[in-house]
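Novice: Return atomic coordinates for the entry below.
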Amino acid sequence: QVQVVESGGGLVQAGDSLRLSCAASGLTFSAYNIGWFRRAPGKEREFVASISWTGSRTNYVDSVKGRFTISRDNAKNTVALQMNSLKPEDTAVYFCAAAFRSYGYSPGVSDYRYWGQGTQVTVSS
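Specialist: Modelled structure (predicted):
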């Protein structure tokens, strides 16, 4: 059974940093792209960042470029999202998801088969 679990969310002030972690089990982790998505209150789910199965390719939504960094450790089956210079508009539930490598380096949302339950990030002004 595949499990995807996020951790590391919390309440911080604007300008602070948080590090989210995604741990996956029950799958060949090194064969999956991993993506981070978020859903803010009253808004649609939004792509945040992704990393390819080898870690060689990363993608970011424009609003987080230069502030967030995605990385992975295939030996530990984990992906991290380092979030710096957080802003109130980053407040959302953050989800981790896995898409098989056959979907290429930039899978679409529908290509992500396995999803976690999410972790809340709240940034106060």
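Novice: CA atoms for contacts and neighbours, from now on please.
Specialist: Noted.
Novice: Without its sequence neighbours, what residue ends up closest to the most centrally placed residue in the chain?
Specialist: Centroid-nearest residue in the chain: W36, 2.2 Å away (criterion: CA atoms, centre = their mean). Among residues not flanking W36 along the chain, C96 sits closest, at 4.7 Å (CA to CA, 6 or more residues apart in numbering).
Novice: Pairing partners for the closest residue to T58 other than its chain neighbours in the sheet, please.
Specialist: Residue nearest to T58 in three dimensions, not counting chain neighbours: I51, with 4.4 Å by CA to CA, 6+ apart. Partner residues in beta bridges with I51: I34, T58, with DSSP bridges as the criterion.
Novice: Contacts only, for I51.
Specialist: By CA atoms under 8 Å, 6 or more residues apart in numbering, the contact list for I51 reads N33, I34, G35, R57, T58, N59, I70, S71, R72, Y105.
Novice: give me that answer again for 6 Å
Specialist: Residues near I51 by CA atoms under 6 Å, 6 or more residues apart in numbering: N33, I34, R57, T58.
Novice: per-residue pLDDT, it?
Specialist: I51 is assigned 98 on the pLDDT scale.
Novice: Next: L11.
Specialist: As predicted, L11 sits at a pLDDT of 98.
Novice: now the helices: where do they sit in the protein?
Specialist: Counting by DSSP state H, the chain has no helices at all.
Novice: how about K87, what does it touch?
Specialist: Counting by CA under 6 Å, 6+ apart, K87 has contacts A14.
Novice: coming back round to it: ok, the residue nearest to T58 to K87 distance?
Specialist: Distance, I51 to K87, by CA to CA, to the nearest Å: 23 Å.
Novice: can you check I70 too?
Specialist: To K87, I70 is 18 Å away according to CA to CA.
Novice: now do S25
Specialist: From S25 across to K87, the span is 32 Å (CA to CA).
Novice: Can you tell me the closest non-neighbouring residue to S7?
Specialist: Nearest residue to S7, sequence neighbours excluded (CA to CA, 6+ apart): S21, at 5.2 Å.
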